[in-house]
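Engineer: Generate a structure from the sequence data that follows.
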Amino acid sequence: MSDIIKHLGIEEDELQWYHLAACKNMPVEWFFDDYENDSETAKQIDQMCLNCPVIKECLQEATKQKNTFGVWGGIYLTYSKASKQYNKHKTPEVIKKLRKIHGKSIL
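Structural biologist: Numbering: from 1, shown residues only. From the prediction side, this is the model:
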């Protein structure tokens, strides 16, 4: 594991969950405005999140705050709660996977 961390340019004692996120260095608007306005972008972001090694940590971090917006852990949040409006494009299969990861009450 330390070889991977070194390859990423991170000191092992400085490693944080977000250093391993699939979305690291991606345009932030993909997880806010683009997600809200384009269902195809939203579906692609959902798939990326479902394959992210830190999906649980991402949502946990977001729900610690009271005013979090955007996609965190594969779920679009508004004021740190799952948004019915911006998650309505999710298929039953995606919802099932997210519930398995985050718990049944998430969506």
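
Engineer: What segments of the chain are helices?
Structural biologist: Assigned by DSSP state H, the chain shows helices spanning 2-7, 33-37, 39-50, 55-63, 84-87, 92-102.

Engineer: and the ones you listed as JSON lines, adding mean neighbour count, distance to residue 19 and mean pLDDT?
Structural biologist: The C-beta positions use only the backbone N, C-alpha and C, and glycine is treated the same way. Converted to JSON lines, the helices of the chain look like this (neighbours: other C-beta atoms under 10 Å; distance: least, C-beta to C-beta, whole Å; pLDDT from 0 to 100):
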{"stretch": "helix 2-7", "mean neighbour count": "10", "distance to residue 19": "8", "mean pLDDT": "67"}
{"stretch": "helix 33-37", "mean neighbour count": "16", "distance to residue 19": "23", "mean pLDDT": "95"}
{"stretch": "helix 39-50", "mean neighbour count": "17", "distance to residue 19": "16", "mean pLDDT": "96"}
{"stretch": "helix 55-63", "mean neighbour count": "18", "distance to residue 19": "11", "mean pLDDT": "96"}
{"stretch": "helix 84-87", "mean neighbour count": "16", "distance to residue 19": "27", "mean pLDDT": "96"}
{"stretch": "helix 92-102", "mean neighbour count": "15", "distance to residue 19": "20", "mean pLDDT": "97"}
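
Engineer: closest one to residue 78 among those helices?
Structural biologist: Closest to residue 78 of the helices of the chain, according to C-beta to C-beta: helix 84-87, at 7.3 Å.

Engineer: before we move on, back to that, as CSV, the helices of the chain with distance to residue 69 would be great.
Structural biologist: What follows is the helices of the chain, written out as CSV (distance: least, C-beta to C-beta, whole Å):
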stretch, distance to residue 69
helix 2-7, 30
helix 33-37, 10
helix 39-50, 14
helix 55-63, 9
helix 84-87, 10
helix 92-102, 18
